[in-house]
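Chemist: Give the three-dimensional model of this entry:
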Amino acid sequence: MRIAVTGSIATDHLMTFPGRFTEQLIPDQLAHVSLSFLADALEIRKGGVAANIAFGIGRLGLRPVLVGAAGADFTDYDGRLRAAGVDTSAVRISAAHHTARFACTTDADQNQIATFYAGAMAEARHIDLAAVGRAAGGLDLVLVGADDPQAMLRHTRTAHDLHVDVAADPSQQLARLEPEQARRLVHGAHWLFTNEYEAALLQERTGWSERDVLNRVGTWIITRGADGVSLLTGHTVREDVPAVPSGKIADPTGVGDAFRAGFLAGLAWELPYRRAAELGCALATVVLESVGTQEYELVPADLVSRIDRTYGRVAATELQSLLAGVS
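Modeler: Model (predicted):
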């Protein structure tokens, strides 16, 4: 299966605030917020949702096509992604803007406050997904991740026109999408990814009920943090997949991207959706235990062991052979 992952490519500035954001908020002053949080740690890492997902898929032994826009400062990042098995030939390099920046502060309760600077990402709307597909020898699946909204709409329309399965993943961009834009991104998707908050926001933006959404997509995958993942379709009851327990929490940034990478790899290996979700949950926990979205160590035996402890020997045995070639 040839997978194209569209969306943001960014550099992450990850800070840690030792207190709690909620303790700094005064309920009757929320209309006039002026806060500064003194962080006690800073990590500068490579990120962006499309790059994170593509990196994870590449590390699992597949060769995804990364589709997005970056700046002239992308050279080192490009080499890192290629080394992980990612095809970066479809990345557009801007002559005018830096690669996007993501600044995120995490508090003691793992709550996050973040700001995203689009930079070169604004040029993603000029990428022709049909041309990318021809250069790649055809595409089987396109994940449309958070990106320049016009790029997201264009990629979705092109994928549908080409009869390529779409995984809709609007995530952080839901807040700025107009209702009709949100509807166009979701309608007809084979898979829809959201977290719990985004699931509620999606319904608010589109004006659709949960049933309305399920009538328009194949499978809705809702990530629920420590409570795992829910798989919903319009034809069967909801199926809940528990999270893989973690012994330590280092940084939640990129955990959802890791889940998507594992799930999409499972689809490429033609696994049942539940098994693909189990692989995604295991990879998500690995990322949760490291700082940065792409700094984790991927050890097949460790992944299999986590899956065995959480989901049982049958699941571990099925995935062990698929992960045997991962290095």
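Chemist: only C-alpha atoms for contact and neighbour calcs from this point on.
Modeler: Fine.
Chemist: for the stretch 201-327 of the chain, what spans make up the strands?
Modeler: 219-223, 229-233, 239-241 (DSSP state E, counting those that start in this stretch).
Chemist: Name the residues of the last one that are buried.
Modeler: The neighbour-count check on strand 239-241 (16 or more other Cα atoms under 10 Å) flags 240-241 as buried.
Chemist: Please work out which residues outside it touch it.
Modeler: Contact with strand 239-241 is made by 228-232, 274, 277-278, as judged by Cα atoms under 8 Å, 6 or more residues apart in numbering.
Chemist: Go again with 6 Å.
Modeler: Defining contact as Cα atoms under 6 Å, 6 or more residues apart in numbering, one finds that strand 239-241 is touched by 228-231.
Chemist: starting at the chain centroid, how far to it?
Modeler: 19 Å (Cα atoms, centre = their mean, to the nearest Å).
Chemist: now do stretch 95-102
Modeler: So, by Cα atoms, centre = their mean, the centroid of stretch 95-102 is 20 Å from its chain's centroid.
Chemist: How about stretch 120-128?
Modeler: Offset of stretch 120-128 from its chain centre (Cα atoms, centre = their mean): 19 Å.
Chemist: Could you do stretch 60-76 as well?
Modeler: 14 Å.
Chemist: any weak-confidence spans in the stretch 151-300 of the chain?
Modeler: 236 (pLDDT under 70).
Chemist: Now render the contacts of strand 239-241 as TSV, adding distance to Val5.
Modeler: Shown next, in TSV, are those (distance: Cα to Cα, whole Å):
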residue	distance to Val5
Gly228	23
Val229	21
Ser230	22
Leu231	21
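Chemist: Grab the nearest non-local neighbour of the residue positioned nearest the centre of the chain.
Modeler: With distances taken as Cα atoms, centre = their mean, Asp257 lies nearest the centre of the chain, 3.0 Å away. Nearest-residue entry for Asp257: Ile53, 5.2 Å, with adjacent residues in sequence omitted and distances by Cα to Cα, 6 or more residues apart in numbering.
Chemist: And Lys29, how far from Leu35?
Modeler: For residue 29 the amino acid is Gln, not Lys. Remark: distance between Gln29 and Leu35 (Cα to Cα, to the nearest Å) = 11 Å.
Chemist: ditto for Trp220
Modeler: Distance of Trp220 to Leu35, computed by Cα to Cα: 37 Å.
Chemist: The two: which is more packed in?
Modeler: Trp220 (25 against 9; other Cα atoms under 10 Å).
Chemist: Who's the closest spatial neighbour of Ala69, skipping the chain neighbours?
Modeler: That would be Arg92: by Cα to Cα, 6+ apart, it lies 4.5 Å from Ala69.
Chemist: Run a quick neighbour tally on the one you found.
Modeler: Arg92 is surrounded by 19 other residues when neighbours are defined as other Cα under 10 Å.
Chemist: Most neighbours among the contacts of strand 239-241, please name it.
Modeler: Going by other Cα under 10 Å, Val229 tops the contacts of strand 239-241 with 24 neighbours.
Chemist: Please tell me how far the longest helix along the chain is from the chain's geometric centre.
Modeler: Determined from DSSP state H, the single longest helix within the chain is helix 273-288. Put simply, helix 273-288 sits 12 Å off its chain's centre (Cα atoms, centre = their mean).
Chemist: same question, stretch 174-191
Modeler: 16 Å.
Chemist: measure it end to end?
Modeler: So stretch 174-191: terminal residues 16 Å apart, Cα to Cα.
Chemist: And stretch 183-198, by the same measure?
Modeler: Terminal residues of stretch 183-198 lie 14 Å apart, using Cα to Cα.
Chemist: Buried ones in that stretch, by neighbour count?
Modeler: Quick answer for stretch 183-198 (16+ other Cα under 10 Å): 183, 185-195, 198.
Chemist: Out of the residues you listed, list just those in strands.
Modeler: Per DSSP state E, strands hold the following members of those: 191-195.
Chemist: got a list of contacts for stretch 298-316?
Modeler: Stretch 298-316 is contacted from outside by Leu323, using Cα under 6 Å, 6+ apart.
Chemist: If we use 8 Å, what do you get?
Modeler: 59, 244-245, 275, 278-279, 282-283, 286, 317, 319-320, 323-324, 326-327.
Chemist: Contacts only, for Pro272.
Modeler: Counted by Cα under 8 Å, 6+ apart, Pro272 has contacts Gly266.
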